[in-house]
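1. What follows is a predicted protein model with its sequence.
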Amino acid sequence: MTATSLPPKSSVVLPPKSSMTDIRVRVRAKRLVLYTVLVSATGLFLGPFGWLILSGLKTQGELAASPVHWLPDVFQWHNFADAFNQIDFLGYARNSLIIALLYAVLVTLSSAWVGFGFARLDAPGKKVLFGVLLGSMMLPQMVTLLPTYLIFAKLGMVDTYWPWVLWGLSAAPYLVFLFRQFFAGMPRELEEAAIVDGCGYTSIFWRIFLPQSWPVLSASFIIAFTWTWGDYIAPQLLLSTDRTTLAVAVMTTYVNEGGTPVPELQAAASVMYVVPILLIFLVAQRGFVAGMSTSGLK
Amino acid sequence: MRPHAGASLSRRRFLSLSAGGTAVGAAALSGCAMQVSSGVSGSGETVTVMVKSGDILPEQVQQAKKDLGIKIVLVKFDITKLIAMLTSGNPPDLVRGVGAVDLPYFAARDVAEELDPYFARSSVLKPEDLDPVNDLWRFDGRTQGKGPRYGMAKDFSQDSMFWYNTAAFDKGGVDYPSETEPVTYEEWLDNAKRLVQRKSGQTTVFGGSFNGLTRATLLATMTASAGGSLFSDDFSRVDFTTPEARKALAWYMDYAKTKVGPSLIQPDPNGWDGPTYQAGRLAMSNAGYWMGGMIYPDKKLAKVSRLAPAPMFAGGERISACQGGTGLWMPRGAKNKDAAWRVFEWFFGEEPAKGRASGGWGIPTLKSLRSLMPAQEDYQKRVLKAQENELKHFSVVSFTPYTTADAIDALFNQIAPAAMNGQISVDTLAGRLNSAINEQLKRGKEQVG
């Protein structure tokens, strides 16, 4: 039995009732301020999305009205149906999904593989190579746009999904960095014990490191998926109108006979376009947050 | 040993998952299975057409397949993509272009195919049936409007004409502009000042919008209207300091400074005049006949809308140019020129052309199709009469082949706001524009050779 010396009840000095009340009031006031700030920040971040939803529910006249028409007189729910029916929405969504899944799966695997190499293997010039890899993150996409097209055109891959396969197999610098940070934080003993048990580095990667990497794998997958789902430039450059993605279709297809945009349909389509991303994030957010925090990146 | 989160992942499971995902994706890579429902399949010739959405509709693609036996593959117009395709030696067979500004640029670079031999043997597009606006698609190596044809406009407007809302004029107590005789630019601006409505420092109703299709074409056209030319004879230089160009520039700066309409320093949140005019927030819109396609379906708006001639400078010339003339051209490296020409004929002379003519979105570019222009309602008849009268004053204002209108606009947009805000004078602005744009033209001329 542990000897615990608690003071006798009579010797516990409680603050007077009035100061207890003061403390409670102060705590509540602090909470009130905190919640007010949090609610305001949430409103600020959700504001544009809310405005997008409202825009999708207005008429074109209400969108152009001055002073601003905050709420529609009559909610134009049919805008969503019209936006869905005016183009082959599901067809374009399917194209986006295929490209995004292909790329996300492949780039997650290849980046994990490369990140493992940088984290756990020694080789001459490794630091320089890693520096070059990080440096490539600074290269704007626009700079490589035309050469990229020319390469894929020479390979006969324009208007196919092969470019996304090749990009996926090539690993992405940011994700390599993410995996490298994660794998570098794993204890050396794990690796040594596996080597003693006869494992090579391929086995160590597949059987020991990767199974422990769900958080960073899911973070990488979400990042890669959202990149590709939201990418406008590459599909616009490489795919024809009937093979392109939802991002391109939403941005360019909602026009009237005169070729001018129909903003209410574009807004409604944009809302439907972001829903899959929101769902994926909601489902996988725990893994995403864990992956980002355990990799040492914020 | 436990994973950080979630279930452990065996190598076999991981491989099977990723292989499954990859297999699903790989099956899709051939491309055919991944087309959205264009409804076009089967054998026959294929023509790749680079256009914007709405130029050729999916149902028209199906119709072309049925009528012509040609499969049209649509590629979204994008200048970067076009240059990439031209550079790779695999250009589209037909490309969208704005005749007024794009044709000299591409023809001078020798990437556009001369179409005179095709026109000569066409039974659909006969030279005598072509509206003069199609001269925007001619270029003789130096001057636009002369020489061989490289393309054709799908429809057009005389873009300095303007629509006005009679209800706004009634409310402002301003006399309606004539539908046959042009107002002067000074009168137009004076009307706009009287029509603008403001509340708490915010413009609730713009008095008028006068921005042209691009600032480059607007100022070139206005300079021509003042009796001069913005470009030198060989189109290798601009000069904003000539009396005529300075007059045009000074007027446009006054327009922006007085904030009667949208400009670089007071942008229209809707991006263009259409929705603003439709919402009753714009009394005059410099949009030309084609905006009728948007106005006519709204009968209430159509009844109060009228089309007026292009303004002119006092003592200047009455000219009414087309700043667009959007159409198609054929790259010299097109792989399937004969099939492309058949699509060209179909697009400009057959069902798609007839549909466009009757929609009110621009004047048809074949004289024989003019009878299809909408004239059922009184307001349509009225607009058509004003438009027919204005056609007598059509003229081509030639554009430089050494740069694009977008490139000139980009320079203008950097330099002009200072003058619009009153920080620099019109003369200083003219000098700065000359330096910046002439430098650009010099580089372009070096490229063309």
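-> Alright, I've got the coordinates.
2. Please make it C-alpha for all contacts and neighbour counts, starting now.
-> Noted.
3. could you pull out the strands for the stretch 301-449 of chain B?
-> Assigned by DSSP state E, counting those that start in this stretch, the strands in the stretch 301-449 of chain B fall at B:305-308, B:320-321, B:326-329, B:363-364, B:394-395.
4. And the residue of the stretch 51-200 of chain B closest to chain A?
-> For the stretch 51-200 of chain B, the residue closest to chain A is residue B:75, as judged by Cα to the nearest Cα, at 4.7 Å.
5. other SSEs contacting the helix or strand in which that residue is found?
-> Counting by DSSP states H and E, the element that carries residue B:75 is strand B:70-76. Secondary-structure packing of strand B:70-76 (3 or more Cα pairs under 8 Å, 6 or more residues apart in numbering or on different chains; DSSP states H and E): strand B:45-51, helix B:58-68.
6. Buried deepest among these, which one?
-> Highest mean neighbour count among those (mean count of other Cα atoms under 10 Å in any protein chain shown): strand B:45-51, with a mean of 21.
7. Residue A:254 contacts residue A:268, doesn't it?
-> No. Assessed by Cα atoms under 8 Å, residue A:254 is found out of contact with residue A:268, at 10.5 Å.
8. between those two, what contacts are shared?
-> residue A:83 (Cα atoms under 8 Å, 6 or more residues apart in numbering or on different chains).
9. So which of these two has more stuff around it?
-> Per other Cα atoms under 10 Å in any protein chain shown, whichever of residue A:254 and residue A:268 has more neighbours is residue A:268, with 27 against 22.
10. OK, contacts around the more buried one?
-> Contacts for residue A:268 (Cα under 8 Å, 6+ apart) come out as A:52-53, A:55-57, A:79-80, A:83.
11. in which helix or strand would I find it?
-> Secondary structure from DSSP H and E places residue A:268 in helix A:263-294.
12. Can you point out the buried residues in that helix?
-> Across helix A:263-294, burial judged by 16 or more other Cα atoms under 10 Å in any protein chain shown covers A:263-273, A:277, A:281, A:284-285, A:287-288, A:290-292, A:294.
13. By mean pLDDT, which helix or strand of chain B comes out lowest?
-> Among the helices and strands of chain B, helix B:11-27 carries the lowest confidence by mean pLDDT, DSSP states H and E, at a mean of 46.
14. show me the contacts for the residue nearest the centre of chain B.
-> Geometric centre of chain B, nearest residue: residue B:324, 4.5 Å, by Cα atoms, centre = their mean. Going by Cα under 8 Å, 6+ apart, residue B:324 touches B:98-101, B:156-157, B:159, B:213.
15. Please repeat the previous calculation with a cut-off of 7 Å.
-> Neighbouring residues of residue B:324 by Cα atoms under 7 Å, 6 or more residues apart in numbering or on different chains: B:98-100, B:156, B:213.
16. So which bits of the stretch 51-200 of chain A are right by chain B?
-> Contacts of the stretch 51-200 of chain A with chain B, taken as Cα under 7 Å from any Cα of the partner chain, map to A:60-61, A:64-67, A:88, A:91-92, A:95, A:98, A:102, A:105, A:146, A:149-150, A:153, A:160-162.
17. Going through these, which ones are buried?
-> Neighbour counting with 16+ other Cα under 10 Å marks A:60-61, A:64-66, A:88, A:91-92, A:95, A:98, A:102, A:105, A:146, A:149-150, A:153, A:160-162 as buried within those.
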